[in-house]
Each structure stands twice: as structure tokens, then as C-alpha cells.
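>>> quick one: sequence plus predicted model below, questions after.
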Amino acid sequence: MAIDPEDLDPENPLPSANVRAASYYLASTRIPCPHCGAITPLTAVALAPAHETWDGESEEWQLVPANAFLFCIEAVSVTVHARLRRMVPNFSFHSSWANHCEHCERVIGEHEVHGEPGRGFTPQNEDEAAGIVLTEVAEPFEAAAAGYSLEPEFFARMRRG
């Protein structure tokens, strides 16, 4: 089922968007900060099946029947930006959206968040996956993201919040 463009925010289009969905998840977990060692929250954006990605070659939106995590998020729609500002105080924008330690305020790199097995949003087993909470945001999502992890392992074992 394709997403009707009218379901997105027509008054605040994101011309650079390469991913969109009728809703999205804010994923949350906690890790030791790689800089100061204190336990700090992490947040990521995840999408359920039936989201769409922009195919530059065909210049069409393509339906994706799988879960995904986004990373290296370069831009989001105005409505998503407002939601992130309200719900995720340690997630902010520099050259891309990034997590910050709530203690030392340093940026936590995408490798720590998505690339290191057993840390952040890259669980190695079902128990680690159960430590990740997915909170559904029932609002349209639009973003430009340079990173995309299709069908992350143990996604079904992450808790719904």
C-alpha cells in the first residue's frame, strides 16, 4: 500500500526527503557514554514495513515491506523536528541529527549508536534487543537520511512502548 502524499505535511515539504512513512518509531535504550562512561540515553528513528524510499533512478517512491533503522539523518520535516525537540532532549542537529551524552554533553557518534555490535541499536541477541523500546509516533514522517539499516536483527524482540 503506497503512502498518499496528502498524508504528509503539504505545508512543510522536505524537498530532499528520501524516506517517508505514515508513522514511525522513536527507539530508545541506554549505554555507557564512550567519552565519560556515565550511563546515558540514546534515541534512534525506526520505521515499520510499508514505509517508502525515494529511488533516484526511477524517480519514484518505492514501497519497502521491511523494518528499518535510519541513521545519519540530515534533515527532517518541520513536524518531525518539532516532535523530536519535545520528546528527545539529547537528540539534536549539527551536520546531522545526533545523540548527546546527558552528562558530558559530547556527541555520541553514529558508530556507537548503530555500528558497534552489542551497543546501541545493534543487539547481538534477544536479551539485548529487549532492552530497546520502540515508541510509535502516529504522525507522518519525512526525512533525508544517508544511512539505512534494513530489517535489523532481533527487531521483533524489541519492546513496544
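Received the coordinates, thanks.

>>> and G109, how far from R159?
Noted for G109: a distance of 25 Å to R159, by Cβ to Cβ, to the nearest Å. The way it works is simple: take the backbone N, C-alpha and C, and place the C-beta from them, glycine included.

>>> CA atoms only: put the biggest helix by length in the chain into PDB for me.
When the chain is parsed with DSSP state H, its longest helix is helix 78-87. Output of helix 78-87 as PDB, limited to C-alpha atoms (Å, rounded to 0.1, in the frame of the first residue of the first chain):
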ATOM      1  CA  VAL A  78       9.100  20.600  10.300                       C
ATOM      2  CA  THR A  79       6.500  18.400  12.100                       C
ATOM      3  CA  VAL A  80       9.100  15.600  12.900                       C
ATOM      4  CA  HIS A  81      11.600  18.300  14.000                       C
ATOM      5  CA  ALA A  82       9.000  19.700  16.500                       C
ATOM      6  CA  ARG A  83       8.200  16.200  17.800                       C
ATOM      7  CA  LEU A  84      11.900  15.300  18.300                       C
ATOM      8  CA  ARG A  85      12.500  18.600  20.100                       C
ATOM      9  CA  ARG A  86       9.600  17.800  22.500                       C
ATOM     10  CA  MET A  87      10.300  14.100  23.100                       C
END
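
>>> name the residues of that helix that are buried.
T79, V80, H81, R83, L84 (16 or more other Cβ atoms under 10 Å).

>>> residues in contact with the closest residue to the second one other than its chain neighbours?
Pointing back at V80 there. Of all residues not flanking V80 in the chain, F141 sits nearest, at 5.8 Å (Cβ to Cβ, 6 or more residues apart in numbering). Neighbouring residues of F141 by Cβ atoms under 8 Å, 6 or more residues apart in numbering: V19, R20, A21, A22, S23, Y24, V45, L47, H51, V76, S77, V80.
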